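S.K.: pasting the structure only:
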């Protein structure tokens, strides 16, 4: 399909790029402790981005017709010229990443998927749990990109991700969450999703009240993922940095403790964010944003790179819903698998070393209050436990955290070795371990 679009586009534009995506999606919705809905969808779509007289326009359609290019040309009539544009990516070699395309997932049907969802439910059930909800998403996609610079690449991928929320209304309402994802069926554990949600919910029962104070906070991977995606990650975008909207003003500056490494790791096997080339066809690569506490680099796609007289870092993304890639004609720049390198301490060791603190398992409403200063706010509603003299003593009621990102990074005192890939709400994959931060102020809700 991309061949036809490019052949047609060459007649009426200066440059063009065609993106094709064939997608199979199975979505299972769980409500009131049972499977409520099963949807299976097969869809193919095509997107085109063209350049004519330095004007960049686009179009997208589920009707696979090369004349989509005519619509893109019409869309360019009133657009401004982008004098900085230098051209689409040329062809280049790519590596093969293992465990990213599983024939077993391609062959799965709705019946088999429902069996996995039922396992998630069954392992969540407990006498204290009143309601179970969640979802299971299984995605297979065949992504192809071609342009007039000679680039032509294709990649098939599989994804599976499940989440369970367990709610208890016995006494004070509490909840728990379990989440897991993989690129292969063998790497996916539906039973653990349910047991994790049940354990968090049951262990959160009968929470006590703590006081407003400044203490050590141990953030579990789900909580760390929220902070990385919504607060930390955007600071490394070249566009944000160039516009002086990052809370880290200078590359080469020390911004965190020596033990902290933050990077994009797109070649991690069986990871949701693994891909050999980005959605502009540029090869992906491992890139450090923070290395040994020092601000190292930024990420960008072609458009923003050209605008800043720089080069693409291989971070163009066309995110698919609910997972994978899409044929969106205009990409965005983002890390593929934003990662914190694991430390050398176990979660239990970090807890034992904590004299006075709390454990935060998950976060809600995480957002930057003042992005330029790095101020952010988040809420912990359940899965919170008090630590005294190295021991977990009891669950506690919801707390709010309002803190500074630069201070948080400079006061990391423990990094776990329990890395896990998590999916923040409506976000992209994050791989991270448990982390302890000192000097965090909490307030009661």
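M.R.: Good, I have the coordinates. Note that the coordinates shown come from a computational prediction; the quantities given were computed from them, not determined experimentally.
S.K.: Between the two ends of stretch 220-240, how far is it?
M.R.: With C-alpha to C-alpha, to the nearest Å applied, stretch 220-240 spans 28 Å between its terminal residues.
S.K.: pLDDT of it, averaged?
M.R.: The pLDDT scores in stretch 220-240 average 98.
S.K.: Might you quantify the distance of stretch 220-234 from its chain's geometric centre?
M.R.: Centroid displacement of stretch 220-234 relative to its chain, using C-alpha atoms, centre = their mean, to the nearest Å, is 9 Å.
S.K.: Same check on stretch 64-74?
M.R.: On C-alpha atoms, centre = their mean, the centre of stretch 64-74 falls 32 Å from that of its chain.
S.K.: Relative to residue 396, how far out is the nearest residue to residue 172 once chain neighbours are set aside?
M.R.: What sits nearest to residue 172 in space, not counting adjacent residues and going by C-beta to C-beta, 6 or more residues apart in numbering, is residue 207, at 6.0 Å. In short, each C-beta sits where N, CA and C put it, glycine included. Residue 207 sits 5 Å away from residue 396, going by C-beta to C-beta, to the nearest Å.
S.K.: which residues are common contacts for the two?
M.R.: Counting by C-beta atoms under 8 Å, 6 or more residues apart in numbering, the contacts common to residue 207 and residue 396 are residue 384.
S.K.: Now stretch 309-319: buried residues?
M.R.: 312-319 (16 or more other C-beta atoms under 10 Å).
S.K.: Next: stretch 119-134.
M.R.: 119-121, 123-124, 126, 129, 132-134.
S.K.: and which of those residues is nearest residue 224?
M.R.: residue 134 (21.1 Å; C-beta to C-beta).
S.K.: for the closest one, what are its contacts?
M.R.: Per C-beta under 8 Å, 6+ apart, neighbours of residue 134: 30, 120, 162-165, 193, 197.
S.K.: Please repeat the previous calculation with a cut-off of 6 Å.
M.R.: 30, 163-165 (C-beta atoms under 6 Å, 6 or more residues apart in numbering).
S.K.: likewise residue 221?
M.R.: Residue 221 neighbours (C-beta under 6 Å, 6+ apart): 420, 422, 432.
S.K.: Can you show me the helices along the chain?
M.R.: In the chain, the helices defined using DSSP state H lie at 2-12, 68-75, 103-106, 110-122, 190-203, 221-227, 238-242, 302-307, 347-352, 405-410.
S.K.: Name the stretch among these that sits most buried.
M.R.: Each of these was scored by mean neighbour count; the highest is helix 221-227, a mean of 26, by mean count of other C-beta atoms under 10 Å.
S.K.: quick one: the least confident helix or strand in the chain by mean pLDDT to helix 2-12, angle?
M.R.: Least confident element among the helices and strands of the chain, by mean pLDDT, DSSP states H and E: helix 68-75 (a mean of 85). Here the directions of helix 68-75 and helix 2-12 differ by 40 degrees (axes from the mean of the first three to the mean of the last three C-alpha atoms, to 10 degrees).
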